[in-house]
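*Asks:* Just need the structure, nothing else, for what follows:
(one chain, ligands or ions: 3)
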Amino acid sequence: MTILIPHQPHFGFEVEEKGNIETEKDLIYDEGFVMPHANSFGHNFRDYDAESERQEGVENFYRTNHINQTYDFVKRMREEYGKLDKVEMSIWECCELLNNVVDESDPDLDEPQIEHLLQTAEAIRKDYPDQDWLHLTGLIHDLGKVLLHPSFGELPQWAVVGDTFPVGCAFDESIVHHKHFKENPDYNNPTYNTRFGAYEEGCGLDKVLMSWGHDDYMYLVAKENKSSLPSAGLFIIRYHSFYALHRSGAYKHLMNEEDEENLKWLQTFNKYDLYSKSKVRINVEEVKPYYLSLIEKYFPAKLRW
Ligand SMILES: O[C@H]1[C@H](O)[C@@H](O)[C@H](O)[C@@H](O)[C@H]1O
Ligand SMILES: [Fe+2]
Ligand SMILES: [Fe+2]
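*Replies:* Ligands and ions are numbered 1, 2, ... in the order given. The predicted model follows:
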């Protein structure tokens with residue numbers, strides 16, 4: 001089976017597809033999975049200009065996010081949260097904790113987070129039954145949102161969720177609500193506001209500081225706790241909110257060869273992350289044993305967060 005994206009703007013990259021589907025009626029396949037044409041609110045997915053009350057909140061979110069995510073801020077957060085001295089818990093305990101947090105940046109989702117995690121993972125599992133690492137990546141990719149929880153200092157939304165982007169070089173125009181960067185102190189700083197800024201051509205994304213949030217934090221948690229997920233899994237977790245790259249093709253000049261390889265998996269993953277968002281609930285108890293077995297395979301029983 002293949003997930004096909006209706007009315008999808010150009011991706012900027014060739015995405016590996018497992019088949020070609022041309023007409024809308026073809027969107028219905030094997031087990032009846034239908035790619036939704038609209039999100040739960042009746043809008044296109046990721047329509048940041050749709051007029052609604054929810055959008056106003058989303059734009060406010062991005063305004064604060066764009067003003068405050070500076071190079072210095074990101075460095076400080078990476079140092080502080082890289083210590084992993086806040087909590088000790090298992091991956092599943094974290095999934096449960098996440099259920100109490102709300103993501104104010106997302107125009108497509110108002111379901112509890114655990115639903116989104118399982119919807120993503122289960123949709124991938126149907127299409128890629130043999131890639132168990134990718135199922136688990138689906139389950140855990142958003143766990144970094146626990147930073148919103150009181151036991152993590154209750155970080156504000158703008159420091160946890162939303163799309164991410166590099167800091168330390170110019171903010172690309174393709175970033176959602178780009179205009180609000182004008183109020184970011186780095187915007188007028190000549191060290192940080194050029195195409196390369198603090199970086200060099202082909203230096204590799206690992207060298208690039210990304211705006212602070214749930215992606216990079218969860219990557220640090222997985223890496224430091226010695227997860228055996230393959231490099232593509234860690235890359236997906238770390239850059240899944242980097243739409244300027246994986247959707248618009250910006251910042252490619254900072255990538256190295258390994259990034260290019262991993263990006264293919266990220267683009268595959270993104271379809272499931274985005275288009276599986278729906279009101280269809282997954283039976284948690286039914287699928288829990290399967291995911292617990294994957295967690296056991298790729299992670300220690302308790303992790304430092
Ligand atoms: O609003 C969403 C949400 O916060 C997702 O978890 C993140 O990965 C997306 O990039 C963002 O647009
Ligand atoms: Fe996310
Ligand atoms: Fe997600």
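*Asks:* Quick one: end-to-end distance for stretch 149-159.
*Replies:* Terminal residues of stretch 149-159 are spaced 12 Å apart (Cα to Cα, to the nearest Å).
*Asks:* ok, that stretch near ligand 1 or not?
*Replies:* No - counting by Cβ under 6 Å from any ligand atom, ligand 1 is not contacted by stretch 149-159; separation bottoms out at 8.9 Å. All C-beta spots, glycine's among them, are computed from the backbone N, C-alpha and C.
*Asks:* Quick one: the strands in the stretch 1-150 of the chain, in order.
*Replies:* Per DSSP state E, counting those that start in this stretch, the stretch 1-150 of the chain has strands spanning 28-29, 33-34, 88-89. These are given in chain order.
*Asks:* Quick one: residues in contact with the last one.
*Replies:* Residues external to strand 88-89 that are found in contact with it (Cβ atoms under 8 Å, 6 or more residues apart in numbering): 97, 302-305.
*Asks:* same thing with stretch 197-217?
*Replies:* The contact list for stretch 197-217 (Cβ under 8 Å, 6+ apart) reads 65, 69, 71, 73-75, 77-78, 81, 142-145, 147, 159-162, 164-170, 191-192, 237-242, 251, 253-256, 258-259.
*Asks:* Out of those, name the ones that lie in helices.
*Replies:* Judged by DSSP state H, the contacts of stretch 197-217 include 65, 71, 73-75, 77-78, 81, 237-239, 258-259 as members of helices.
*Asks:* picking that back up, now the buried members of the contacts of stretch 197-217.
*Replies:* 65, 69, 71, 73-74, 77, 81, 142-145, 147, 159-162, 164-170, 192, 237-242, 251, 254-255, 259 (16 or more other Cβ atoms under 10 Å).
*Asks:* Which residues of the stretch 51-200 of the chain lie near ligand 1?
*Replies:* The stretch 51-200 of the chain has residues 103, 105-106, 142, 161-163 near ligand 1, with proximity defined as Cβ under 6 Å from any ligand atom.
*Asks:* Find the pair from those with maximum spatial separation.
*Replies:* When these are compared pair by pair using Cβ to Cβ, the farthest-apart members prove to be Asp142 and Asp163, with a separation of 13.2 Å.
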